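In: I'll drop the sequence and a predicted model, then ask my questions.
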Amino acid sequence: MFIYFVRSLIDWVFRRRSMGLTLIRIGVPLLGIVLVGLTVGVTIPTSQGPFIFSWDSGGSAGTLSVGVFVIASLIVLLGVFLIIREIRQENRKKVIVIEARGLRDWQGQPLELAVPLSIPGRREQMIVDLRQGVIDGQIISSEVALRRLASLPDDIARRCDGLDRSDISFVLGGLAPVPFLFLLGVIVDDESRTFIMDWDRAQHAWRPLDDGDDGNRFKVTGLNAANIAVKRVALCVSASYDVLEADVRIVETCAPIIKLELEDRSIRSHWSETKQQQLAQQFLDTVMYLARHGVTEISLFLAAPASLTLRLGTLYDKRNLPHIEVNQYERSDPKRFPWAVRMPVAGLPHAELTQR
């Protein structure tokens, strides 16, 4: 608590604009003039002779100096009071920082330390460690990893207990398999303010999504295959790498394929918050279109950065959208997608693992 208060005070002094800080900036110089006994003199030449104004804070103008000292002190005290009140108001807010670790057996920089000061509230870190410490970069047991995620809703509920929803924010980030990141997004959802960050491999640091929008969007194809007779579809989203139809057909031999392919995609084409919001809206519009045309099962093949994967999960409506399972790609496996996670949506109470 004390560390957060100090960080907040430093933030107010150097970054924020507030009435309290403005009052302090006015009052402190006035106090300085009085306390150093500074003599101020100004001479202005006029046609009637020089006009001289002088003030000696330590001489005959002592009464005036005392008055200035009292007023300046009151201004500074009022400013301090306003700043303390504003910090206490922020102290009621809580920022729950959830970091998923599942691809590398190293600690790295915690996401909590990279959260911008512009997000107000006490930081509370939750690390969801899905690693099993056997082979770096692989999930040896997807069942174990899923069990570790299963307790997350209860943990979040405990941390939010007794708090007003308007005082809670979430910050999400992680390096983990796509199905687990999507599931993390579904668990958190978008009912509270949610900020998403991503790991910049070039800078070796967590970053907010602060680049400009390049205007590139998904090209959607295959929607004409959805009709009242089709209950299950394969939805292929290529936002970074390509989702190859030949790989999809190994596990989805008959389902119609709908594609969302990002124009000029690369592994670094996702650093815009505005762009991600638009891409997520396209994804949601596509899923809603499929639902309106009778689709009840979606098999999702998603090649996307972690931040976009999390975002799509937060937007997926748990009640009104079709069942969805998110497939895990493994290049070395002959099945290409050896397992998937069925999301806890559309009446399914808990996430389920599908092995192939």
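Out: Everything's here; your move.
In: Now do the longest helix seen in the chain: which elements does it pack against?
Out: Taking DSSP state H as the criterion, the chain has its longest helix at helix 62-91. Of the remaining helices and strands, those touching helix 62-91 by 3 or more C-beta pairs under 8 Å, 6 or more residues apart in numbering; DSSP states H and E are helix 2-14, helix 19-35. C-beta here means a position set from N, CA and C on the backbone, and glycine is covered the same way.
In: just the angle between that helix and helix 19-35, please?
Out: 150 degrees (axes from the mean of the first three to the mean of the last three C-alpha atoms, to 10 degrees).
In: Report the beta-bridge partner residues of the spatially most central residue of the chain.
Out: Residue closest to the mean C-alpha point of the chain, counted by C-alpha atoms, centre = their mean, is F195 at 2.0 Å. Listed beta-bridge partners, F195: V171 (assigned using DSSP bridges).
In: residue contacts, it?
Out: With contacts defined as C-beta atoms under 8 Å, 6 or more residues apart in numbering, F195 is in contact with V115, I119, S169, F170, V171, L172, P208.
In: Just the helices from the stretch 251-356 of the chain, written as ranges.
Out: 273-292, 306-315 (DSSP state H, counting those that start in this stretch).
In: Please identify the most buried of the ones you listed.
Out: Mean neighbour count (mean count of other C-beta atoms under 10 Å) peaks for helix 306-315 among those, with a mean of 25.
In: Show residues contacting that one.
Out: So helix 306-315 is in contact with 172-176, 178, 181-190, 194, 196-199, 209, 237, 239, 270, 276-277, 279-280, 283-284, 302, 304, 343, going by C-beta under 8 Å, 6+ apart.
In: The residue nearest to D200 when sequence neighbours are not counted in helix, strand or coil?
Out: Of all residues not flanking D200 in the chain, R207 sits nearest, at 4.6 Å (C-beta to C-beta, 6 or more residues apart in numbering). Put simply, R207 is strand when judged by DSSP: H, G, I helix; E, B strand; the rest coil.
In: Tell me the bridge partners for R207.
Out: The partner residues for R207, given DSSP bridges, come to D198.
In: ok, back up a step: please identify the buried residues of the longest helix of the chain?
Out: By 16 or more other C-beta atoms under 10 Å, the buried positions in helix 62-91 come out as 65, 68-69, 72, 75-76, 79, 82-83, 86-87, 90-91.
In: quick one: low-confidence parts of the protein?
Out: Scanning the chain for pLDDT under 70 picks out the ranges 1-18, 33-44, 47, 49, 51-66, 89-90, 104-108, 132-140.
In: that older thread, C-terminal to the longest helix of the chain, which secondary structure element comes first?
Out: strand 94-101 (DSSP states H and E).
In: For that next one, give me every contacting residue.
Out: 110-112, 115, 119-131, 152, 156, 159-160, 163, 167-176, 180-181, 184, 188.
In: quick one: which of those sit in helices?
Out: L152, I156, R159, C160, F180, L181, L184, V188.
In: Which of these ranks first by neighbour count?
Out: The most crowded member of the ones in helices among the contacts of strand 94-101, judged by other C-beta atoms under 10 Å, is L181 (29 neighbours).
In: Pretty sure that one sits against V188.
Out: No. Contact criterion C-beta atoms under 8 Å: L181 and V188 do not qualify, at 11.0 Å.
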